[in-house]
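**Student:** Build me a model from this:
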Amino acid sequence: MNNKPQGKLYLIPNLLGGSNLQTIPEYVQQIVQQIEVFIVENTKEARRYLVKLGMNSNGKSVNALTFLELDKHTPEDRFTAYLQPADEGKNIGLISDAGCPAVADPGSLIVRHAHEKNIEVVPLVGPSSLLLALMASGLNGQQFAFSGYLPIEQAKRTQYIKKLEQLAGRENQTQIFIETPYRNQALFTDILATCRPDLRLCVAANLTLPNQYIATHSIGKWKSLPPPQLHKIPAVFLLGK
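**Tutor:** Okay, the predicted model is just below:
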């Protein structure tokens with residue numbers, strides 16, 4: 001019979017890019033040192049991140065850790081096995097490739113499963129591109145919605161942008177969305193071509209990095225400015241009044 005207290009599931013924030021460890025609180029780094037099992041999107045990237053957090057310098061080798069990969073294709077019938085270490089008294093760390101896990105991230109499914117198994121879930125403070133963008137946008141932070149990725153096909157994407165425009169105008173609700181970096185420039189162009197001139201658009205790119213870019217203007221003003229260079233750059237888009 002196992003008399004050990006049940007382990008916890010720690011949601012560990014990752015860097016948004018680069019190696020600026022100042023965005024990761026020290027207490028997060030201390031907790032990470034005590035975990036031996038990690039659920040990650042990509043093992044190679046997770047190993048690299050843990051080394052940055054000092055895992056190899058505290059006498060514990062990254063090579064001795066257990067990594068379980070979780071992405072949008074991982075079948076849910078694996079989740080019980082992934083969380084089994086918690087039943088054995090071991091803490092588990094969930095790490096996304098960037099930012100906070102389980103937000104715009106497949107990690108939310110394993111978190112839901114942890115709740116069903118009555119495993120304590122502990123979210124840790126760290127950088128979230130969505131919240132940082134909202135904070136810096138000047139748009140309504142009392143009412144907002146995140147739509148994730150917009151449709152790829154242009155006609156459907158344009159239709160969806162019009163829907164977001166209506167919500168932003170009618171409800172005064174800030175609409176937040178993202179795109180795969182190599183399609184950012186096309187999305188920006190579609191927003192300007194679709195939305196009415198008085199609506200405001202915030203573009204927040206490379207957040208927390210030295211070349212961070214954040215700007216909010218009306219659609220009308222954006223059309224008179226040189227477009228920001230967003231190709232292959234992580235960005236968040238926000239629409240509002």
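
**Student:** helices or strands up against the longest helix anywhere in the chain?
**Tutor:** If you go by DSSP state H, the chain has its longest helix at helix 154-171. Applying 3 or more CB pairs under 8 Å, 6 or more residues apart in numbering; DSSP states H and E, one finds that helix 154-171 contacts strand 144-149, strand 174-178, helix 184-194, strand 235-240. To be clear about C-beta, it is placed using only N, CA and C from the backbone, and glycine gets the same treatment.

**Student:** Output that helix as PDB, nothing but the C-alphas.
**Tutor:** Output of helix 154-171 as PDB, limited to C-alpha atoms (Å, rounded to 0.1, in the frame of the first residue of the first chain):
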ATOM      1  CA  GLN A 154      -9.000  33.800 -46.600                       C
ATOM      2  CA  ALA A 155     -12.800  34.000 -47.200                       C
ATOM      3  CA  LYS A 156     -13.600  32.300 -43.900                       C
ATOM      4  CA  ARG A 157     -10.900  34.400 -42.100                       C
ATOM      5  CA  THR A 158     -12.400  37.600 -43.400                       C
ATOM      6  CA  GLN A 159     -15.900  36.500 -42.300                       C
ATOM      7  CA  TYR A 160     -14.500  35.700 -38.800                       C
ATOM      8  CA  ILE A 161     -12.700  39.100 -38.600                       C
ATOM      9  CA  LYS A 162     -16.100  40.800 -39.300                       C
ATOM     10  CA  LYS A 163     -17.600  38.800 -36.500                       C
ATOM     11  CA  LEU A 164     -14.900  39.900 -34.100                       C
ATOM     12  CA  GLU A 165     -15.400  43.500 -35.300                       C
ATOM     13  CA  GLN A 166     -19.100  43.300 -34.500                       C
ATOM     14  CA  LEU A 167     -18.400  41.900 -31.000                       C
ATOM     15  CA  ALA A 168     -15.800  44.500 -30.300                       C
ATOM     16  CA  GLY A 169     -18.100  47.300 -31.300                       C
ATOM     17  CA  ARG A 170     -21.400  46.100 -30.000                       C
ATOM     18  CA  GLU A 171     -20.200  44.700 -26.600                       C
END
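
**Student:** Report the buried residues of it.
**Tutor:** Arg157, Thr158, Tyr160, Ile161, Leu164, Glu165, Leu167, Ala168, Gly169 (16 or more other CB atoms under 10 Å).

**Student:** Mind checking the pLDDT average for that helix?
**Tutor:** What helix 154-171 shows for mean pLDDT is 94.

**Student:** ditto for stretch 182-197
**Tutor:** 96.

**Student:** quick one: contacts of that stretch?
**Tutor:** Residues from elsewhere that reach stretch 182-197 (CB atoms under 8 Å, 6 or more residues apart in numbering): 150, 152, 154, 157-158, 161-162, 165, 169, 179, 201, 203, 205, 218-220, 222-223, 227-233, 235, 237, 239.

**Student:** Which of those residues are buried? Put it as a PyMOL command.
**Tutor:** Filtering these down to the buried ones (16+ other CB under 10 Å) takes a single PyMOL command:
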select buried, resi 150+157+158+161+165+169+179+201+203+205+219+222+228+230+233+235+237+239
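
**Student:** ranges for the strands of this protein?
**Tutor:** 9-12, 37-40, 66-69, 92-95, 121-123, 144-149, 174-178, 200-205, 213-218, 235-240 (DSSP state E).

**Student:** Turn those into TSV, including distance to Glu76 and mean pLDDT.
**Tutor:** As requested, the strands of the chain are exported to TSV (distance: least, CB to CB, whole Å; pLDDT from 0 to 100):
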stretch	distance to Glu76	mean pLDDT
strand 9-12	16	97
strand 37-40	13	96
strand 66-69	14	94
strand 92-95	15	96
strand 121-123	17	97
strand 144-149	20	95
strand 174-178	25	97
strand 200-205	33	98
strand 213-218	37	98
strand 235-240	29	98
